[in-house]
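Participant: No letters, just coordinates:
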Ligand code: ADP
Ligand code: MG
């Protein structure tokens, strides 16, 4: 078979970059790193997958994402043809991702552990200090201090990095602890396969004989009630024997949709640590560290410019640095402000401006009320709640002052806006329905 042409390779590179943005790094490492482009022709793009399982999983779960990215990149409606690479022996323990030579991964139990995700390589700032300190403490005395440790934060802020750092540190300590890191997706997947095979003994043995269980992205449990049930038993079995459990999620326990209270309460038994987006100073430090690792030469001013202009998602920061590096190497030019502006143009997720009208519109749509009702002085609960939510969201998402928000809300006093803001903040902590609704509306607005 012909090898892909240079142009095809370029297209494939693009597709992979886009995939990286669309899926989590864990998913990328698990399912996409080992894909190879075979050929692009008039009607299809042929890709090789390392095994049948991977092919089927991609076809079942990711085909739409892949198709839409292929369409976006090539402007063609190509069929996606995934072929199992029969020559593919089980990969070596050390393999590299195609585009980041520095990312060395090793295959352990069908899960890739990134050898760079160490504590040394994790920069600490106010945004992640608690999570990092708790993770270190877990390594020092597993199963005692913080059990479970629940780390949450939005994508690209280092949750997987910290979980894998715990894994690597425990391996390094070589205290013979049986440690397992896996994504929640793999757990659910294993559960589903076991339903087919009926081999429950080996399923349960696998998880219940572990000293430290690290499960990434547990919000994935939202999708499967039966797996939650099984997870609950696994959790209990380990916890009752004082085994360490570390979990990560993109939201706090109570905001995982459809999750049962008994699981939420278990997640809250130990420590919940949130990772926030890095501040400007932390972003600069991260940029300096990453550029040093990539052997890129950039001035402090440029690091500051990037910290200000690239998004506060560390994965995106990394992406823009890799892009910058590639461009500077390709063009054999040094990295100055001109190049930076060219390259990060389109890369920055400049914060979309959100107007109060948009907020009101979303709230009205969501609660099925009228704008005039939000403006009115009526005090029915069915109207006061959406009204207060609108004020709360306006506080969070716009730069309007209390007075201005009051003005938009039918001429209310600034103290009313303050009160609404407080009230929803408190409700959010105690009422799950509210926190889920808020997340949903915010997501829609921020998109
Ligand atoms: P998440 O699992 O929260 O989506 P990841 O752990 O995959 O995020 O992090 C995304 C990328 O950003 C990774 O390459 C990771 O090494 C890097 N990263 C995140 N936080 C930090 C940090 N504090 N210091 C260094 N690198 C970080
Ligand atoms: Mg992750």
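Facilitator: Okay, I see it. As the structure is a computational prediction, the values presented were derived from the model and not from experiment. Ligands and ions are numbered 1, 2, ... in the order given.
Participant: gap between whatever residue of the stretch 151-300 of the chain ends up closest to ligand 2 and ligand 1?
Facilitator: Using Cβ to the ion, the single residue of the stretch 151-300 of the chain nearest to ligand 2 is residue 160, 3.2 Å away. The C-beta positions use only the backbone N, C-alpha and C, and glycine is treated the same way. Between residue 160 and ligand 1 the computed distance is 3 Å (Cβ to the nearest ligand atom, to the nearest Å).
Participant: what about that residue, neighbour count?
Facilitator: Neighbourhood size, residue 160 [other Cβ atoms under 10 Å]: 25.
Participant: Repeat that for residue 406.
Facilitator: By other Cβ under 10 Å, the residues close to residue 406 number 21.
Participant: now do residue 263
Facilitator: If we define neighbours as other Cβ under 10 Å, then residue 263 has 18 of them.
Participant: phi, psi of it?
Facilitator: phi -70, psi -40 (degrees, to the nearest 10).
Participant: Quick one: the strands in the stretch 301-447 of the chain, in order.
Facilitator: Applying DSSP state E, counting those that start in this stretch to the stretch 301-447 of the chain gives no strands.
Participant: Close to ligand 1: what parts of it are there?
Facilitator: Residues of the stretch 301-447 of the chain lying near ligand 1 by Cβ under 6 Å from any ligand atom: 314-315, 318.
Participant: rerun that using 5 Å as the cut-off
Facilitator: 314-315 (Cβ under 5 Å from any ligand atom).
Participant: confidence score at the nearest residue in space to residue 264 that is not next to it in sequence?
Facilitator: In this structure, residue 264 finds its nearest non-sequential neighbour in residue 253, 4.6 Å apart by Cβ to Cβ, 6 or more residues apart in numbering. At residue 253, the model reports a pLDDT of 92.
Participant: wouldn't residue 253 be in contact with residue 268 here?
Facilitator: Yes. Between residue 253 and residue 268 there is a contact under Cβ atoms under 8 Å: 6.1 Å.
Participant: List the residues that contact the residue of the stretch 151-300 of the chain closest to ligand 2.
Facilitator: Neighbouring residues of residue 160 by Cβ atoms under 8 Å, 6 or more residues apart in numbering: 24-26, 117, 216, 248.
Participant: Kindly recompute the last result at 10 Å.
Facilitator: Residues counted as contacts of residue 160 (Cβ atoms under 10 Å, 6 or more residues apart in numbering) are 24-26, 29, 113-114, 117, 151, 181, 183, 214, 216-217, 248, 315.
Participant: Mind picking the lowest-pLDDT entry from those residues?
Facilitator: Lowest pLDDT among those: residue 26, with 69.
Participant: Could you report the neighbour count for the closest residue to residue 126 other than its chain neighbours?
Facilitator: Excluding the flanking residues, the one nearest residue 126 by Cβ to Cβ, 6+ apart is residue 279, at 6.4 Å. As a burial measure, residue 279 scores 14 neighbours (other Cβ under 10 Å).
Participant: contacting residues for residue 279?
Facilitator: 125-127, 285, 307, 312 are the contacts of residue 279 under Cβ under 10 Å, 6+ apart.
Participant: what's the answer for residue 237, then?
Facilitator: If you count contacts by Cβ under 10 Å, 6+ apart, residue 237 has them with 204, 207-210, 243.
Participant: Can you list the low-confidence ranges for the protein?
Facilitator: For the chain, residues meeting the criterion pLDDT under 70 lie at 1-2, 26, 86-111, 345-353, 447.
Participant: how about the strands in the stretch 1-150 of the chain?
Facilitator: For the stretch 1-150 of the chain, applying DSSP E, counting those that start in this stretch gives strands covering 36-40, 44-49, 79-84, 95-96, 104-108, 111-114, 149-152.
Participant: Contacts made by the first one with the rest, please.
Facilitator: In other words, strand 36-40. Here strand 36-40 makes contact (Cβ under 10 Å, 6+ apart) with 1-5, 7-9, 11-13, 15-16, 45-50, 70, 74, 76, 78, 81-83, 85, 88, 98.
Participant: What parts of the stretch 51-200 of the chain come near ligand 2?
Facilitator: Within reach of ligand 2 by Cβ under 5 Å from the ion, the stretch 51-200 of the chain has these residues: 159-160.
Participant: Now with 8 Å, please.
Facilitator: Proximity of the stretch 51-200 of the chain to ligand 2 (Cβ under 8 Å from the ion) is limited to residues 155-156, 159-161, 163, 183.
Participant: what comes into contact with stretch 430-446?
Facilitator: Contacts of stretch 430-446 (Cβ under 10 Å, 6+ apart): 250-259, 261, 264, 349, 351-352, 354-355, 358-359, 361-363, 365-367, 385-386, 389-390, 392-393, 396-397, 424, 426-429.
Participant: change it to 8 Å
Facilitator: For stretch 430-446, the external contacting residues (Cβ under 8 Å, 6+ apart) are 251-252, 254-255, 257, 352, 354, 358-359, 362-363, 366, 389, 392-393, 396-397, 424, 427-429.
Participant: Now that stretch: buried residues?
Facilitator: The neighbour-count check on stretch 430-446 (16 or more other Cβ atoms under 10 Å) flags 432, 434-438, 441-442, 445 as buried.
Participant: Does the host helix or strand of residue 192 reach ligand 1?
Facilitator: Assigned by DSSP states H and E, residue 192 falls within helix 184-197. No. Contact of helix 184-197 with ligand 1 (Cβ under 5 Å from any ligand atom) is absent, the minimum separation being 11.8 Å.
Participant: tell me what that helix is packed against?
Facilitator: With contacts defined as 3 or more Cβ pairs under 8 Å, 6 or more residues apart in numbering; DSSP states H and E, helix 184-197 has these neighbours: helix 200-208, strand 212-216, helix 225-240.
Participant: For the second one, enumerate the helices and strands it packs against.
Facilitator: Read that as strand 212-216. helix 159-173, strand 179-183, helix 184-197, strand 244-249.
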